[in-house]
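Participant: The amino acid sequence is not available; the structure is as follows:
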């Protein structure tokens, strides 16, 4: 934790579990001032077997309201639907 920047840096093979979701990446920065979690990877990924969600992107940005931005070569598969774009915004349901 850097008390001057109010950020927590996590390095090397990050795996973050919340609810039914698992996020994986190469590194992550938790910014308390900006209230966001940024996960970087080559690529970073999100997985939820219960919700049948699988996604990858170069970067995930997650906000306190559980909205998530997937940036750079983003792919999101949910049930039988797939989205491919440079940027995808996804809202994680609190009931998930």
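Facilitator: Cool, the structure landed. Computed from a predicted model, the values in this text were never measured in an experiment.
Participant: If you rank every helix and strand of the protein by mean pLDDT, what lands last?
Facilitator: Least confident element among the helices and strands of the chain, by mean pLDDT, DSSP states H and E: strand 7-18 (a mean of 82).
Participant: how about the very next helix or strand once past that one: buried residues?
Facilitator: Heading C-terminal from strand 7-18, the first helix or strand you meet, by DSSP states H and E, is strand 21-31. The neighbour-count check on strand 21-31 (16 or more other Cβ atoms under 10 Å) flags 21, 23, 24, 25, 26, 28, 29, 30 as buried. Glycine gets a C-beta too; all of them are placed from N, C-alpha and C.
Participant: Need these in CSV (columns: distance to residue 65 and pLDDT).
Facilitator: CSV is the format used below for the buried residues of strand 21-31 (distance: Cβ to Cβ, whole Å; pLDDT from 0 to 100):
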residue, distance to residue 65, pLDDT
21, 15, 88
23, 17, 92
24, 22, 95
25, 21, 95
26, 25, 93
28, 19, 91
29, 19, 90
30, 16, 88
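Participant: mind listing what the nearest residue to residue 60 once chain neighbours are set aside touches?
Facilitator: Leaving aside its sequence neighbours, residue 60 sits nearest to residue 39 (Cβ to Cβ, 6 or more residues apart in numbering; 4.4 Å). Neighbour list for residue 39: 14, 16, 23, 24, 25, 27, 28, 59, 60, 61, 62 [criterion: Cβ atoms under 8 Å, 6 or more residues apart in numbering].
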